[in-house]
Structure formats: C-alpha cells, structure tokens
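Undergrad: Fold the following, please.
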Amino acid sequence: MSVAAVMLQLVRTLVAIPLVVLLACTAATVTVTADPRAPVSRPPSVASNGMRLATVTRVVDGDTAHVRLQGRDVTVRFIGVDTPETVVPGQPIECYGAEASHFTTRQLTGQRVGLEFDVDRIDPFGRTLAYVWIPDGSLFNETLVRRGFATVATYPPDTRYVQRFEAAQRAAKATERGLWGAC
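TA: Purely as a prediction, here's the structure:
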C-alpha cells in the first residue's frame, strides 16, 4: 500500500470517529418512567445524583455547620471558601465574621441540603469536607463568595468548583459586596 493510500485511510478514520460520536450523542433516546409504587432502591439519605442528603442542625460559623447525616451528628466544613473567624478561642471576631455567621445561620439552619464530596472527605481537624447544595439548587459555598461573606480558599486536590468561586469573588470585589466593602 502506498504512503498516499495509508494517509487517505488515516484521514477517513479520523473523520469517521467524530461522526460516530456525534451520531451517538444525537440519537433518539427512550425515557423510562419508574412505577411510583415500586420501592426506591437507594437509601433515603442519598439523592438521585449521588449527593448525601442531610439536615443542618446548627451553624458553627460562616463556613462550618453541624448536620444530621444518617442519624449521626457530623461537622461539615464547606470546601473552597473561608469566612472571617468568629469562634477562635483567644482571638477577636474578624471583620464581617458576625455577618457571615448570621447569614449562614439564617440560610441553612433546619434546611435539608445536599452534600457533595470532592477528593478529600475529612480535613485535619476531623471535619467532613463538602460542597453544600441548598433546596433552590444553588451551591451555598459559591453564594457565600458571591455575596461577599467569604473569600476563595481552595486546597488541592479539592478544586472542583474553583473557577466558579473565583468568578464569584471577582464579581463581589468589583461591586465591593460584603467584606470587600466593609473590611
């Protein structure tokens, strides 16, 4: 086979692969509706998207809360964000810390939330690390940053939403929201 023939075959193959992928992605799909009388195959603490469902029982500060998860009290530290400190023994409350704690308390206490995990599940202090999704479908960690209650604080390998958080922080800074205008 000549070099030209081999090259032609290679080009045909390279064109065919994306075409097959495109056709597979646009093919008709069949929707199967579950029988509402059928038992649910997942535990009630697991959402259909794999998140763990929990109820916020108490807020520690702007970026940490206690939740009831599978009958246990679990301390959750929100991944990717840092609010000003309010509960460090021997240290004063940091600028905008009280506002951040109050906001998190108002928004989350008693709420059923989805907990999404990244690579690390536990931090060095024994707290569970999670992204917190609230009932309206928004990512609470991002809301804290966007509203100026928190700054971005990511620690690899837990960086799934770092670009979203950084965009939210740029917007908060640009408009001097929350701590960006107060501190």
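
Undergrad: Looking at this protein, which strand is longest?
TA: As assigned by DSSP state E, the longest strand anywhere in the chain is strand 52-61.

Undergrad: Could I get the average pLDDT for that strand?
TA: Average pLDDT, strand 52-61: 98.

Undergrad: quick one: contacts of it?
TA: Identification of contacts with strand 52-61 by CB atoms under 8 Å, 6 or more residues apart in numbering yields 44-47, 65-70, 73-76, 83, 85-87, 97, 100-101, 104-105, 108-115, 117, 130. Yep, even glycine has a C-beta here, placed from its N, CA and C like the rest.

Undergrad: Which parts of this structure are strands?
TA: Assignment of strands within the chain using DSSP E yields the ranges 52-61, 64-69, 72-78, 81-82, 112-116, 128-133, 151-152.

Undergrad: would you turn these into TSV with distance to Ala172?
TA: As requested, the strands of the chain are arranged in TSV below (distance: least, CB to CB, whole Å):
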stretch	distance to Ala172
strand 52-61	19
strand 64-69	20
strand 72-78	16
strand 81-82	12
strand 112-116	22
strand 128-133	18
strand 151-152	9
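
Undergrad: what about the ones you listed, which gets the closest to Ile93?
TA: strand 52-61 (9.5 Å; CB to CB).

Undergrad: Tell me which residue is most central in this protein.
TA: Most central in the chain under CA atoms, centre = their mean is Tyr131, positioned 3.4 Å from the mean C-alpha point.

Undergrad: Report the contact partners of that one.
TA: Phe78, Ile79, Gly80, Leu115, Glu116, Phe117, Asp118, Leu139, Asn141, Arg160, Tyr161.

Undergrad: surely the second one meets Phe140?
TA: Meaning Ile79. No. Counting by CB atoms under 8 Å, Ile79 sits too far from Phe140 to count as a contact (10.8 Å).

Undergrad: neighbour-wise, which of the two wins?
TA: For Ile79 and Phe140, the more surrounded residue by other CB atoms under 10 Å is Ile79, and the numbers stand at 28 against 23.
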